[in-house]
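K.L.:
compute the structure for the input listed below.
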Amino acid sequence: MSSNQRSKDRLRSWSLRARLIATMVALLAVVSLIIGVVTTLSLRDYLYDQVDNQVVAGADRFVKSGGGGKPGQKAPPLLIPGQPEDTMVVQLVGDQVDRSERAQSSAYEGRGTVSTAQKAVLSQVPVDGKIRTIDVPDMGTYRAAAVLCQDGSAYVVAVPLDTASATVLRMIGVEIAVVAGGVLLAAGIGALIIGASLRPLRRVAATASRVAELPLDRGEVALSVRVPEADTDPRTEVGQVGSALNRMLGHVANALAARQASETRVRQFVADASHELRTPLAAIRGYAEVTRRGREAVPPDVAHALRRVESESARMTTLVDDLLLLARIDSGRPLEDKPVDLSALLVDAVSDAHVAGPEHRWRLEVPEEAVIVPGDAARLHQVIANLLANARTHTPPGTVVTSSLWAAPDGYTMIRVTDNGPGVPAELQPEVFERFARGDSSRSRAAGSTGLGLAIVAAVVEAHHGTVSMVSRPGHTEFTVRLPGSQPGPS
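P.N.:
Next comes the predicted model:
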């Protein structure tokens, strides 16, 4: 990934507030930089023009006077009062320096004099009246011009740029300080203003977050959360988002209400149908058994048919009972909440499983002290029985099935059923706790599976505010039930 792409990804991860503040600060910094550069260049040009005017004024004095004065008269001074400090003037006769002077300065020893090296640099200035920038040894940068006078002598006037340069540097320092302070102040004030402007958007986001936390997948949902009316003004962008979210929530609420009504009708139908089917199924099973065991012998094929009627009616009765239980749990009908001795339940369930599946090897691991949890004893017994039946039904003879019970340090009770069978197919694992989930081979009607056993386990455990999970691979499958409220009981 390129550095530009990484920078873009980091920028996208910023909040809207951070990006707005960063954009505002960047624009302000760029504008301030442009203003500072333009101002500094303008000041620099102005100061340099002032220095150039001083150079021109000094050179014009010699041109107008004709140079060194009339014959027999004393030569006029090279410097006059009022010229900038450290200004240098040299008189050239031919290629030699005849006279030189420097405006007095307390910063240098031998003030008023021009050194040999300085004279050599000044004498090299072309005598054409043009102003040039030169570097004078031990003195710094100067603006200088050389002019030719009527007496044949040349005069070089050099004015220092140190004062102008120092002024420009001070100006740059002041601009940096002002820009930095202004940017920081603008960032602080901008953060407050942008934060206040984005507050309605945060309220809209908070509303959406509260809706996202609601359990919308099942049960009756009272979707009363809405964006406040103050944040639904269609004249603003945030108001448009808030208004659209409210409309969407209204549609979702209507859809949820329709779904709930449909689920209620389905659950009621299943409950009613299951309840009504129990009586005729019991009658069919009873009549078949009476007929098969009657005084008069029946042909073998009729006896076989009657046995199949009894078997199928028993299986169908179990299916009806399972459907009725799920319908009752789905309807929110409360379960019993009494102390339940899970140790005794597990012992009884493993004993029953041993009788039902003697070809399997059953192992039991329980603590010495009884483990008590609040709940419905009948339903929790059904959870354990279904897990053991699942292991018995879907594993071959000789499989070792281990049932464990212990109280976890966090106050929960753990029940685990483990087997070393072939495992649950990978494609079935995500939906193993769904209703009517079946494998293609092992979960057959011949094995007595209805596809509701593990669904009942999940529903009952959830009704007890617990969780159930599964880990499976070839040679190892374990179901773990986690129930709240464990407490030790009498041993």
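K.L.:
just the helices in the chain please.
P.N.:
Using DSSP state H, the helices of the chain run over residues 3-12, 16-65, 116-123, 162-212, 237-292, 300-330, 342-356, 377-393, 453-463.
K.L.:
so which of those gets nearest residue 404?
P.N.:
Among the helices of the chain, the nearest to residue 404 by Cβ to Cβ is helix 342-356 (8.7 Å). C-beta: built from backbone N, CA, C; applies to glycine.
K.L.:
can you mark which positions in the closest one are buried?
P.N.:
Across helix 342-356, burial judged by 16 or more other Cβ atoms under 10 Å covers 342, 343, 344, 345, 346, 349, 350, 353, 354.
K.L.:
can I get these in CSV including distance to residue 173 and pLDDT?
P.N.:
As requested, the buried residues of helix 342-356 are exported to CSV (distance: Cβ to Cβ, whole Å; pLDDT from 0 to 100):
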residue, distance to residue 173, pLDDT
342, 80, 90
343, 83, 90
344, 87, 91
345, 84, 91
346, 83, 92
349, 86, 92
350, 87, 92
353, 88, 91
354, 92, 91
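K.L.:
redo the helices of the chain as TSV? Include distance to residue 371.
P.N.:
Formatted as TSV, the helices of the chain follow (distance: least, Cβ to Cβ, whole Å):
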stretch	distance to residue 371
helix 3-12	51
helix 16-65	52
helix 116-123	102
helix 162-212	37
helix 237-292	33
helix 300-330	24
helix 342-356	5
helix 377-393	12
helix 453-463	16
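K.L.:
which among the ones you listed is found nearest to residue 84?
P.N.:
Taking the helices of the chain one by one with Cβ to Cβ, helix 16-65 is closest: 6.2 Å.
K.L.:
tell me what angle the closest one forms with helix 162-212.
P.N.:
Interaxial angle of helix 16-65 relative to helix 162-212 (axes from the mean of the first three to the mean of the last three Cα atoms, to 10 degrees): 170 degrees.
K.L.:
these two touch, right, residue 92 and residue 152?
P.N.:
No - the criterion here is Cβ atoms under 8 Å, and residue 92 misses it with residue 152 at 9.9 Å.
K.L.:
comparing those two, which residue is more hemmed in?
P.N.:
Shown here are residue 92 and residue 152; by other Cβ atoms under 10 Å, residue 92 has more neighbours (22 against 11).
K.L.:
how much space is there between the more buried one and residue 159?
P.N.:
18 Å (Cβ to Cβ, to the nearest Å).
K.L.:
and which of the buried residues of helix 342-356 is nearest residue 477?
P.N.:
When these are compared for distance to residue 477 (Cβ to Cβ), residue 353 comes out closest, at 15.4 Å.
K.L.:
thought that closest one was touching residue 392?
P.N.:
Yes - at 6.1 Å, residue 353 counts as touching residue 392 under the criterion of Cβ under 8 Å.
K.L.:
contacts only, for the residue nearest to residue 469 when sequence neighbours are not counted.
P.N.:
Nearest-residue entry for residue 469: residue 480, 5.2 Å, with adjacent residues in sequence omitted and distances by Cβ to Cβ, 6 or more residues apart in numbering. Counting by Cβ atoms under 8 Å, 6 or more residues apart in numbering, residue 480 touches 414, 415, 416, 468, 469, 470, 471.
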